[in-house]
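**Student:** predicted model and sequence below, questions to follow.
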Amino acid sequence: MQLSLPIQSQNDETLANFYGGNNLLLLNSLRQNFTELKQPFFYIWGAQGCGKSHLLRALTNHYFAENRTALYVPLDKSAYFSPAVLDNLEQNELVCLDNLQCVLGDSEWELALFDLFNRIKERGNCLLVLSADQSPNAIQVNLPDLATRLRWGEIYQLYALDEQQKITALQQNARERGIELPDETANFLLKRLDRDMHTLFNTLTQLDNASLQAQRKLTIPFVKEILKL
């Protein structure tokens, strides 16, 4: 089941190109629930740009690749749909709700989330992964019973990569595309662009397309030319 949402589908995020870095404990715990569901609830939090959306989309794509039922819901796009989008989601094997903070404080959304938790617990075969920008102890929730449920499962802070880890992640992603990203070019990108991984990966996609079309390597002069830097 894949919900039609008013956003562009993200098909290139995978667990293989999610650089685990400082988050290996989280990844290992998630993987333990892929074949036998022991913990149905995961709450992942961290600052913008640390990779939460990448991870949730990668999890969804992993289930799709195995022909399993999964759903990714970007709650930062909730202006385009109603809380009814959560109805019957417990019938999926995986549900990923991204940017939870965008709907908290809305009584209808909070009640719908509360009901979804209860249905998933009762059904017993759905993995629910939530992301937010704050821990469940710090985030503002009006419905006390929902606040309790946000703490039901495993809670992880997703840590941002340091500069060297970002370079490694970019080079790993480039190799998967069949291109080489030299150290000096990767360092140049980090110094000249926003350092969140979403921006960096999108830029790499742009450079990959340009490199393929021009049949040129990713040198600093070529990158400057393409990105107008």
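**Tutor:** That came in fine, so what should we check first?
**Student:** count the residues that sit near L212.
**Tutor:** 12 (other Cβ atoms under 10 Å). All C-beta atoms are positioned from the backbone trio N, CA, C, and that covers glycine.
**Student:** quick one: pLDDT of it?
**Tutor:** In this prediction, L212 carries a pLDDT score of 91.
**Student:** flag every buried residue along the strand or helix carrying it.
**Tutor:** Counting by DSSP states H and E, the element that carries L212 is helix 197-214. By neighbour count with 16 or more other Cβ atoms under 10 Å, helix 197-214 contains the buried residues M197, L200, F201, T203, L204, L207, D208, A210, S211.
**Student:** of these, which one scores lowest on pLDDT?
**Tutor:** M197 (78).
**Student:** any idea how far that residue lies from T168?
**Tutor:** 12 Å (Cβ to Cβ, to the nearest Å).
**Student:** likewise Q213?
**Tutor:** From Q213 to T168 the distance is 27 Å (Cβ to Cβ).
**Student:** helices and strands around the helix holding L212, which ones?
**Tutor:** helix 52-65, helix 163-176, helix 183-192, helix 220-227 (3 or more Cβ pairs under 8 Å, 6 or more residues apart in numbering; DSSP states H and E).
**Student:** mind listing what Q164 touches?
**Tutor:** Going by Cβ atoms under 8 Å, 6 or more residues apart in numbering, Q164 touches no other residue.
**Student:** bridged to L71, which residues?
**Tutor:** The bridge-partner assignment for L71, based on DSSP bridges, gives V95.
**Student:** that one against L89, yeah?
**Tutor:** Yes. At 6.1 Å, L71 and L89 qualify as touching, with contact defined as Cβ atoms under 8 Å.
**Student:** between the two, which contacts overlap?
**Tutor:** V95.
**Student:** ok, for T60, nearest residue in space, not its chain neighbours?
**Tutor:** Y72 (4.1 Å; Cβ to Cβ, 6 or more residues apart in numbering).
**Student:** would you agree K38 falls within a helix?
**Tutor:** No. Read with DSSP: H, G, I helix; E, B strand; the rest coil, K38 is coil and lies in no helix.
**Student:** and the pLDDT for the nearest residue to it once chain neighbours are set aside?
**Tutor:** Once flanking residues are discounted, K38 sits nearest to Q32: 6.7 Å by Cβ to Cβ, 6+ apart. Note on Q32: pLDDT of 95.
**Student:** now stretch 187-202, how far from the centre of its chain.
**Tutor:** Offset of stretch 187-202 from its chain centre (Cα atoms, centre = their mean, to the nearest Å): 17 Å.
**Student:** for S131, phi and psi?
**Tutor:** phi -130, psi 150 (degrees, to the nearest 10).
**Student:** between the helix holding L212 and helix 220-227, how many degrees?
**Tutor:** 100 degrees (axes from the mean of the first three to the mean of the last three Cα atoms, to 10 degrees).
**Student:** ok, residues contacting helix 197-214?
**Tutor:** Contacts of helix 197-214 with the rest of the structure, by Cβ under 8 Å, 6+ apart, involve 12, 49-51, 53-54, 161, 166, 169-170, 173-174, 177, 179, 181, 189-190, 193-194, 216-218, 222-223, 226-227.
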